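Enquirer: Let me see the structure of the following:
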Amino acid sequence: MNSDTPLQIGEGEGVRQKKKIMNYKSDVEAVDAFNVKFKELRNEIAKVIVGQDEIVKSVLISIFGNGHCLLVGVPGLAKTLLVNTISKVLGLNFSRIQFTPDLMPSDIIGTEILDENRKFRFVKGPLFANIILADEINRTPPKTQSALLEAMQERAITAAGTTFQLDKPFFVLATQNPIEQEGTYPLPEAQLDRFMFNVWLDYPTLTQEKQIVNQTTSDYEASLNKVLNAEEILYFQSLVRKIPVNDNIVEYAVKLAHKTRPGKEIAHQISNEYVSWGAGPRASQYLIIGAKCHAIINGKYSPDIEDVKAVSLPILRHRIIRNYKAEAESITVENIVEEIMKSL
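Expert: Numbers count the residues shown, from 1 in each chain. Modelled structure (predicted):
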């Protein structure tokens, strides 16, 4: 499709009004603009974050896909710095919550206090921000985890009988340490399913680590430019949803999710042998949303199978539960996803 060909997408009055505000003549022009903005975002983030290109891309896809992201990595890999940097270049409010065993739901949601006029007033907690860094989410009890995850799902908080709508856009970046598991509260599968991506952070390369050391042990200070604002982010989130998808791509994504479910009609043999529970319908939805976003950041106006494949592992990683046989034989989720994609 060339840049003169209009996308065959329906649009409501609200979308047309937003397009007018953004000064884009067509959806194709908006997609081209998004592609440029995305590259600008990555360039700005690269001023501070050395390497981690795939991680940055996954987090940004989560944001524009209106999802949430779970980062798994050892301490010191710049998880906090990454989300703080992203919040600055996106012009959004950022809040960091350190999850601990004694953290209560009211500590993150907010609480009522008696003010000087002897009237109860609700004081908002750190959840009332655009970007939330939930640091070491598995270190806090399920009651507090549930309070966060309810906000993720509903984009609203109920306190003292009143429902408060959270500011949009709203994005949660949660972290977990894969090493220290003693005294932790692992997220149940139903709660893990609310995260669009599960991204594993690895150590930097030798060259990257030298650059990190040079930057952090000198007087280097990056000057970050704001690339987008909240209104533009909401517009581009809406634009991603409107990208057309061919039926064969939807069928591929749905079959990919179905083949992870052991005992089902079209389950792959590797799933029947090594998987206890497979991915649910939310995986199929996120595969399409992620593929749409991956397509337009690469200059395409509609996703293809390669775009689905590109986002499949971080979407399926936390939705496929291996059985004891898989663990005993060192069969990883990566192995399972790779085999299923070969069959498709």
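
Enquirer: excluding its backbone neighbours, what's nearest residue 141?
Expert: residue 185 (5.8 Å; Cβ to Cβ, 6 or more residues apart in numbering). For every residue, glycine as well, the C-beta is placed using N, CA and C.

Enquirer: Hmm, that neighbour is touching residue 142, no?
Expert: Yes - counting by Cβ atoms under 8 Å, residue 185 does reach residue 142; the two are 5.8 Å apart.

Enquirer: who's more crowded, these two?
Expert: residue 185 (16 against 13; other Cβ atoms under 10 Å).

Enquirer: shaky segments in the chain?
Expert: Within the chain, the segments meeting pLDDT under 70 span 1-22, 180-183.

Enquirer: hey, which helix is longest across it?
Expert: helix 27-46 (DSSP state H).

Enquirer: What's the local residue count around residue 306?
Expert: Around residue 306 sit 12 other residues, with neighbours defined as other Cβ under 10 Å.

Enquirer: Tell me how far it lies from residue 289.
Expert: Plainly put, residue 306 is 16 Å away from residue 289 if you go by Cβ to Cβ, to the nearest Å.

Enquirer: Would you map the strands across the stretch 101-250 of the chain?
Expert: Using DSSP state E, counting those that start in this stretch, the strands found in the stretch 101-250 of the chain span residues 110-114, 120-124, 131-135, 156-159, 162-165, 171-176, 197-200.

Enquirer: List just the one of those strands that sits closest to residue 85.
Expert: strand 131-135 (10.6 Å; Cβ to Cβ).

Enquirer: And for that closest one, what's in contact with it?
Expert: 79-80, 83-84, 86-87, 90, 92-99, 126, 148, 170-175 (Cβ atoms under 8 Å, 6 or more residues apart in numbering).

Enquirer: Please narrow the residues you listed to those residing in helices.
Expert: Short answer: the contacts of strand 131-135 in helices (DSSP H) are 79-80, 83-84, 86-87, 148.

Enquirer: could the residues you listed go into JSON lines alongside neighbour count?
Expert: As requested, the ones in helices among the contacts of strand 131-135 are exported to JSON lines (neighbours: other Cβ atoms under 10 Å):
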{"residue": "79", "neighbour count": "24"}
{"residue": "80", "neighbour count": "16"}
{"residue": "83", "neighbour count": "25"}
{"residue": "84", "neighbour count": "15"}
{"residue": "86", "neighbour count": "24"}
{"residue": "87", "neighbour count": "21"}
{"residue": "148", "neighbour count": "26"}
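
Enquirer: which one of those residues is nearest residue 237?
Expert: Residue 237 lies nearest to residue 86 out of these, by Cβ to Cβ, at 14.9 Å.

Enquirer: Quick check: the closest one touching residue 60?
Expert: Yes - because the distance of 7.4 Å satisfies Cβ under 8 Å, residue 86 is recorded as touching residue 60.

Enquirer: Next, show the common contact partners of the two.
Expert: By Cβ under 8 Å, 6+ apart, the residues touching both residue 86 and residue 60 are residue 41.

Enquirer: re earlier: of the strands of the stretch 101-250 of the chain, which is nearest residue 56?
Expert: strand 197-200 (10.0 Å).

Enquirer: how about the closest one: buried residues?
Expert: 197-199 (16 or more other Cβ atoms under 10 Å).

Enquirer: How about stretch 265-272?
Expert: 267-268, 270-271.

Enquirer: can you tell me how far residue 103 sits from residue 273?
Expert: 40 Å.

Enquirer: For those two, work out which one has more neighbours and name it.
Expert: Ranked by neighbour count (other Cβ under 10 Å), residue 103 and residue 273 place residue 103 first, with 19 against 15.

Enquirer: any idea how far residue 162 is from the more buried one?
Expert: Residue 103 is 22 Å from residue 162, by Cβ to Cβ.

Enquirer: same deal with residue 195?
Expert: 28 Å.

Enquirer: Comparing the two, which residue is more hemmed in?
Expert: Neighbours were counted for residue 195 and for residue 162 using other Cβ under 10 Å; residue 195 has more, 28 against 9.

Enquirer: That one contacts residue 72, correct?
Expert: No - between residue 195 and residue 72 there is no contact under Cβ under 8 Å: 10.7 Å.

Enquirer: which of the residues in stretch 116-133 are buried?
Expert: Applying 16+ other Cβ under 10 Å to stretch 116-133 flags 125-133 as buried.

Enquirer: Pick out whichever of those residues sits closest to residue 158.
Expert: For these, the nearest to residue 158 is residue 127 (12.0 Å; Cβ to Cβ).

Enquirer: thinking again about what came up before, just checking, what packs against the longest helix of the chain?
Expert: helix 13-22, helix 53-64, helix 79-89, helix 230-242, helix 281-297 (3 or more Cβ pairs under 8 Å, 6 or more residues apart in numbering; DSSP states H and E).

Enquirer: List the buried residues of the helix or strand just after the last one.
Expert: What it means is helix 281-297. Using DSSP states H and E, the helix or strand that follows helix 281-297 in sequence is helix 305-316. Within helix 305-316, the residues that qualify as buried are 305, 307-316, counting by 16+ other Cβ under 10 Å.

Enquirer: Could you check how far the residue nearest to residue 42 when sequence neighbours are not counted is from residue 343?
Expert: If the residues on either side of it in the chain are set aside, residue 42 comes closest to residue 56, at 6.1 Å by Cβ to Cβ, 6+ apart. For residue 56, the distance to residue 343 equals 31 Å [Cβ to Cβ].
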